[in-house]
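> Pasted the sequence and its predicted model underneath.
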Amino acid sequence: LFGSYVKLGNDIWRIYQIHQDDVRLVLNDYIKINDETLTYQYSNKTSYHDDTKSGSIAYYLNHTYLNSLPYKSIIKEVNWTNGYYGSNSNYDYEQALNSTINTKVALISIGDIRLNNELDNYFTLTGAKDKSSMVYSINKNQKLYTKSIQTKLNVVPTISLEKELLVKGNGTIDSPFEME
């Protein structure tokens, strides 16, 4: 299943994590509105992914974007890694894994495998330090860099759904997994 394509509505997603009952999917493109790539700032306040704060990417993803999806009812609310990676954690990535948030739509973290190397200039869920104004992003050269939370970048969302829903197709780009 890892790396497989999934078609939901008109969107193509990729499986990047497999859990016992669910799979985590990353959009295989940027969010687009009327064929235009959406750019959005991470937040006005902090690198914490808070879907209750209007004006943040977390709020946009879990309200405006989620409500636009015809398949929003199958998206699971799950825990996503939302830690910090930087000097205040001695660059210990395990500490970044200890902090989680419970939400429906998120972003990849710096420890997640990226499956589409054609995508760049987008935020991750990982902040540079606690209550920081910097968050990690994937840049044009596919490397991690920190960016100001007020920078506008492309948006590549992640979602989770039950594995058992994917009953059609074989997971290739020509025959993606789909729901009945």
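Cool, got the structure.

> Can you pull up the most central residue in the protein?
Leu107 (2.0 Å; Cα atoms, centre = their mean).

> Now do the same for the closest residue in space to Leu107 that isn't next to it in sequence: helix, strand or coil?
Closest residue in space to Leu107, ignoring its immediate chain neighbours: Leu125 at 4.7 Å, by Cβ to Cβ, 6 or more residues apart in numbering. Backbone N, C-alpha and C define where each C-beta goes, glycine included. Under DSSP: H, G, I helix; E, B strand; the rest coil, the three-state class of Leu125 is strand.

> separation between Leu125 and Ser137?
11 Å (Cβ to Cβ, to the nearest Å).

> Equivalent analysis for Asn88, please.
19 Å.

> With Thr126 instead?
10 Å.

> neighbour-wise, which of the two wins?
Taking other Cβ atoms under 10 Å, Thr126 and Ser137 do not tie; Thr126 has more neighbours (28 against 23).

> tell me the contacts of the more buried one?
Thr126 makes contact with Thr81, Asn82, Gly83, Tyr84, Tyr85, Ala96, Ser109, Ile110, Gly111, Val135, Tyr136, according to Cβ atoms under 8 Å, 6 or more residues apart in numbering.

> Ok, Lys163 next?
Leu1, Ile18, Asp21, Asp22, Val23.

> what's the answer for Ile15, then?
Leu1, Phe2, Gly3, Ser4, Val6, Val23, Arg24, Leu25, Gly171.

> With Ser89 instead?
Gly83, Gln95, Ala96, Lys129.

> List the backbone torsions phi and psi for the second one.
This means Gln95. When quoted as degrees, to the nearest 10, the phi and psi of Gln95 stand at phi -70, psi -30.

> Next, find the distance separating the residue lying closest to it once chain neighbours are set aside from Lys140.
In space, and not counting its chain neighbours, Gln95 is closest to Ser89: 4.3 Å by Cβ to Cβ, 6+ apart. Separation of Ser89 from Lys140 (Cβ to Cβ): 27 Å.
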